[in-house]
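In: Next one to model:
(one chain, ligands or ions: 1)
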Amino acid sequence: MTGASAPIEIAGLRKVFRQTTTGETIVAIDQLTLRIAPGELVAIVGKTGCGKSTLFDLLIGLEHPTSGSITIGAKMPYDDFNDFRGKIATIFQQDRLFPWRSAIDNVKLPLELIGIADDVQQERAMFWLNRLGLANFANAYPRELSGGMRQRVAIARAFAVQPEILLADESFSALDEVTANDLRQTFIDLAREFRSTAILITHQLEEAMSVGDRIVVFGKSAALLADIRMKDWDRSDHATLRSAIQNTLQMNAPDERLKR
Ligand SMILES: Nc1ncnc2c1ncn2[C@@H]1O[C@H](COP(=O)(O)OP(=O)(O)OP(=O)(O)O)[C@@H](O)[C@H]1O
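Out: Residues are numbered from 1 along each chain as shown. All right, here's what the predicted structure looks like:
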């Protein structure tokens, strides 16, 4: 696997929804401009309804922007959907495994869809189940696995397509704390090892701070309230950082202490 080669360029992105029942207009994302470098690990934090999931839907090409653009290597995920097959993988809060398929068959599914040869599918799926500590559970069905194990299968499935970009939407929040910490670390280690660009949506500040390179704080309509490089903050400053982000989220305005 070569890792991500192109940055994600988000320019003046705007997404407006019209509610079918009330006719009300909702600005989910308003003029977002953001660049994410190849191989960067970014956590997005923001209050509920600030547009995080809408951004993911645009990134995976499920939605079109109202205006503005997302460009990855000169292509746009919503216009060039087929070019992004196997290049962007998502891990959701729920594992979304197919109950009638065994663990290995769940991992193979996206490989089938992108036309990978059968023997390569088998080899790659086993490699990833092994990396996630599930080699002995390849033939188990989701109902036979714990929540943490099922989420491991989902992570194996995401990495197996060798994506350039990994999107994790609250992927660890349905798990107990010990399992969540363990899986989060596994995810981060693998994303670094395979040089994927990774974006994690999280409501939990501790999770955002443990992820790595960068924390992006969204206000209402994905307003960019703060863009924090973790390397600018010593461990001894983390309590201040935590409190400044909390304040930013609460006030829906950047905290002075974040300006560096
Ligand atoms: N398909 C849709 N139709 C109408 N409104 C929508 C649609 N999708 C999202 N919205 C609205 O856009 C806004 C942003 O929603 P979004 O799901 O992106 O927020 P979020 O930050 O992911 O929230 P949460 O943290 O609760 O998942 C919300 O007000 C939501 O109700």
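
In: Walking through the stretch 1-150 of the chain, point out its strands one by one.
Out: Along the stretch 1-150 of the chain, counting by DSSP state E, counting those that start in this stretch, strands occupy 8-18, 25-36, 41-46, 67-72, 88-91.

In: worst average pLDDT in those strands?
Out: For those, mean pLDDT drops lowest on strand 88-91, to a mean of 92.

In: what lines up beside that one in the sheet?
Out: Strand 88-91 has the following sheet partners, assigned by DSSP bridges: strand 165-169 (parallel).

In: who's in contact with the helix ranked longest in the chain?
Out: Ranked by residue count under DSSP state H, the longest helix found in the chain is helix 177-193. For helix 177-193, contacts defined as C-beta atoms under 8 Å, 6 or more residues apart in numbering pick out 41, 91, 131-132, 147-148, 151-152, 155, 159, 166, 168, 171-173, 175, 196, 198, 207, 210-212. Any C-beta I mention is one placed from the backbone N, CA and C, and that applies to glycine too.

In: Quick one: mean pLDDT over that helix.
Out: Across helix 177-193, pLDDT averages out at 89.

In: how distant is that helix from the center of its chain?
Out: Put simply, helix 177-193 sits 13 Å off its chain's centre (C-alpha atoms, centre = their mean, to the nearest Å).

In: Tell me the helix or strand right after it.
Out: Of the helices and strands lying after helix 177-193 in sequence (DSSP states H and E), the nearest is strand 197-202.

In: Just checking that following strand against the ligand, any contact.
Out: No: against the ligand, strand 197-202 shows no contacts by C-beta under 6 Å from any ligand atom, the least distance being 6.8 Å.

In: tell me which residues of that strand are tucked away?
Out: The neighbour-count check on strand 197-202 (16 or more other C-beta atoms under 10 Å) flags 197-202 as buried.

In: Contacts only, for the residue lying closest to Arg257 once chain neighbours are set aside.
Out: In this structure, Arg257 finds its nearest non-sequential neighbour in Ala244, 4.1 Å apart by C-beta to C-beta, 6 or more residues apart in numbering. Contact analysis of Ala244 by C-beta under 8 Å, 6+ apart lists 255, 257-258.

In: Buried only: go through these for me.
Out: Buried residues within the contacts of Ala244, counting neighbours by 16+ other C-beta under 10 Å: 255, 258.

In: and the contacts of Ala244 as JSON lines, adding pLDDT?
Out: As requested, these are exported to JSON lines (pLDDT from 0 to 100):
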{"residue": "Asp255", "pLDDT": "95"}
{"residue": "Arg257", "pLDDT": "93"}
{"residue": "Leu258", "pLDDT": "90"}
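
In: Mind checking which of the contacts of Ala244 are in helices?
Out: Among these, no member falls in helices (DSSP H).

In: could the contacts of Ala244 be laid out in a markdown table, adding distance to Thr179?
Out: Below are the contacts of Ala244 laid out as a markdown table (distance: C-beta to C-beta, whole Å):
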| residue | distance to Thr179 |
| --- | --- |
| Asp255 | 32 |
| Arg257 | 33 |
| Leu258 | 31 |
